[in-house]
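*Asks:* Got a predicted model here, sequence first, then my questions.
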Amino acid sequence: MTLIKSADLPLGSKMPDFCLKDPDGNSHSSTTLPGEKGLLVVFTCNHCPYANAQWPRLVRLANHARSLGVNTVAVNANIHPDYPEDAPEKMKDKIVQLGMDFPYLIDENQDIARSFKAQCTPDPYLFDEKGCLVYHGRIDDNWQEEDMVRREELREAVKRLASGQSIAREQHPSMGCSIKWKT
């Protein structure tokens, strides 16, 4: 497990275009996924302990965000023979296990992760309705112990985006396992 932090990206960056399939073979596009107020894109996977600790929070946040007009999509770029837990069939199990009702997509060739400059799992990106990056940071201030969380920065960013308020420019990077890049 190699700990890495998310890249520092300029706010206002445009969301890269993408079209990816879910484990059932359905295609999902960056043009059709956003809600009325925006889109939360989270690079994650099945096996990473950092991602696993935050999956339940992400699912709850996605439900809340949707009620505010912000849709969510998770993207797995760890489709790698050395990590069979991240295979598309195992993604189906994760979807059922967590009761996920937002798309969990396969970035098999890792082009989309590279275009986003994704580094770790989880690596969240929040885009407004125009596709401009407004938040790229951690989900909250304690990935290990949910009952010790004091600041839910991503939830606050979603709330502020949905209500038309400005989002804090100081954002703490996410951290987790590095994406398992194919060479």
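*Replies:* Structure received.
*Asks:* right, and the helix or strand after the lengthiest helix in the chain?
*Replies:* Selection of the longest helix in the chain by residue count, based on DSSP state H, yields helix 49-67. The helix or strand immediately downstream of helix 49-67 is strand 70-76, counting by DSSP states H and E.
*Asks:* Could I get the average pLDDT for that following strand?
*Replies:* This predicted structure assigns strand 70-76 an average pLDDT of 98.
*Asks:* Same question for stretch 83-100.
*Replies:* Averaging pLDDT along stretch 83-100 yields 96.
*Asks:* show me where this protein has helices.
*Replies:* Assigned helices in the chain, in chain order: 49-67, 88-98, 111-116, 153-162 (criterion: DSSP H).
*Asks:* Let's have the ones you listed in a markdown table, adding distance to Tyr135 and mean neighbour count.
*Replies:* Just so you know, the C-beta spots here come from the backbone N, C-alpha and C atoms, and that holds for glycine as well. Listed next are the helices of the chain as a markdown table, based on distance: least, CB to CB, whole Å; neighbours: other CB atoms under 10 Å:
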| stretch | distance to Tyr135 | mean neighbour count |
| --- | --- | --- |
| helix 49-67 | 12 | 18 |
| helix 88-98 | 22 | 15 |
| helix 111-116 | 14 | 18 |
| helix 153-162 | 4 | 21 |
